[in-house]
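Enquirer: pasting a predicted model and its sequence here:
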Amino acid sequence: MVDAPAIELKGVKVHFASGSGRSVRAVDGVYLTVPQGVFHGIVGESGCGKTTLARAIIGLQPTNEGSIAIAGRPLADWQARDRKGLARQMQFVFQDPLGSLSRRQSIEQSLEEPLIIHRTGNSAARHKRVLELLDLVGLPQTALGRTPRSLSGGQRQRVAIARALALEPKILVCDEPLSALDVSIRAQIVALFAELQKRLGLTIVMIAHDLAIVREICTSVSVMYLGRVAEAGTTASVFADAAHPYSQALLSAVPSPDPVIEANRRRVILAGDPPSPSNPPPGCRFNTRCPLAFERCLADEPVLMPALHGGGAACHLSSATTHGQV
């Protein structure tokens with residue numbers, strides 16, 4: 001029997017009420033399958049729905065429609081019957097480690113807290129686990145008595161990652177965990193995530209805006225635009241031969257370390273700003289900015305085929321689409 005995907009989304013929608021009377025369609029019909037043991041990146045412009053989608057996956061944001069399954073089990077069932085089991089299965093790493101850690105607790109207290117809540121071991125066993133977690137993320141034992149404010153940004157993020165790993169989850173969902181860090185520290189945390197993923201066999205879903213980092217560490221990637229997945233596939237295939245015009249534009253902005261390639265790199269400059277998520281255009285959502293849009297794009301909305309498990313491009317120029325209905 002084939003193992004169930006770590007995460008599977010079918011037609012997930014998250015809409016918010018607004019003062020204008022129109023709902024803000026933050027996530028508007030997302031299909032996504034993340035197999036076990038992969039490192040999956042989710043990228044796109046600010047406001048495309050990445051963070052809302054991540055919060056929906058972890059159960060922090062209610063959905064309006066669609067289904068989410070974690071390890072083959074509906075998220076709603078986990079939440080109703082086995083919330084502690086869900087916490088042991090999946091954890092969240094927030095963007096701002098200082099905001100996600102208690103400023104009054106020592107690092108030892110922060111790391112021990114999930115173990116106490118889940119009644120894991122006695123005091124001695126918990127202390128041993130805390131020391132293991134520090135070693136796992138590369139922090140010295142001298143950090144135990146310190147508070148988050150006394151640590152650097154990189155050290156705080158290491159503590160946040162250690163706390164997320166305290167219960168030995170199989171899945172981590174990370175909301176831009178690198179964006180608040182200096183460039184020099186970012187590389188260290190990227191290396192840490194890559195090492196942990198391989199060492200522990202984790203499934204990691206990472207929201208990111210740095211495409212160079214996604215290319216370096218992610219196994220697969222989904223590109224979001226205006227609440228939907230525009231393109232998805234293996235990182236190698238998407239970066240080598242992006243099928244969606246939006247993906248092509250995003251990737252054209254990634255600088256190359258090779259000066260010859262960089263000098264000859266062709267940039268795709270998109271006109272205008274993304275439409276409002278409360279009033280997306282008819283047809284393809286990208287048609288107002290797409291340099292390749294034609295008549296069909298103005299009336300018929302392409303959607304990734306669920307049978308492809310989120311692979312392919314939601315574009316009329318690609319064969320991997322279905323049209324008109326979600």
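Expert: Nice, I can see it.
Enquirer: strands of the stretch 1-150 of the chain, start to end?
Expert: 7-16, 24-34, 39-43, 65-70, 73-74, 90-93 (DSSP state E, counting those that start in this stretch).
Enquirer: oh, I was asking about the stretch 151-300 of the chain
Expert: Under DSSP E, counting those that start in this stretch, the stretch 151-300 of the chain gives strands at 171-175, 203-207, 220-225, 228-234.
Enquirer: who does the last one touch, helix- and strand-wise?
Expert: On a contact count with 3 or more C-beta pairs under 8 Å, 6 or more residues apart in numbering; DSSP states H and E, strand 228-234 meets strand 24-34, strand 220-225, helix 245-252, strand 302-304, strand 312-313. Heads up, the C-betas are built off the backbone N, CA and C, glycines and all.
Enquirer: tell me the mean pLDDT for that strand?
Expert: For strand 228-234, the mean per-residue pLDDT is 93.
Enquirer: tell me how far it lies from the chain's centre.
Expert: 13 Å (C-alpha atoms, centre = their mean, to the nearest Å).
Enquirer: what's next to that strand, contact-wise?
Expert: Strand 228-234 has contacts (C-beta atoms under 8 Å, 6 or more residues apart in numbering) with 28-32, 44, 49, 219-224, 238, 242-244, 246-247, 285-286, 303-304, 310-315.
Enquirer: flag every buried residue along that strand.
Expert: 228-233 (16 or more other C-beta atoms under 10 Å).
Enquirer: mind listing the strands it pairs with, and their directions?
Expert: strand 220-225 (antiparallel), strand 312-313 (antiparallel) (DSSP bridges).
Enquirer: repeat for the second one
Expert: Each strand pairing with strand 203-207, determined using DSSP bridges, is listed with its direction: strand 39-43 (parallel), strand 171-175 (parallel).
Enquirer: same list (the helices and strands packed on strand 228-234) but as CSV, adding mean pLDDT, mean neighbour count and distance to residue 54.
Expert: Formatted as CSV, those follow (pLDDT from 0 to 100; neighbours: other C-beta atoms under 10 Å; distance: least, C-beta to C-beta, whole Å):
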stretch, mean pLDDT, mean neighbour count, distance to residue 54
strand 24-34, 94, 24, 10
strand 220-225, 95, 25, 11
helix 245-252, 91, 21, 19
strand 302-304, 80, 25, 19
strand 312-313, 88, 24, 22
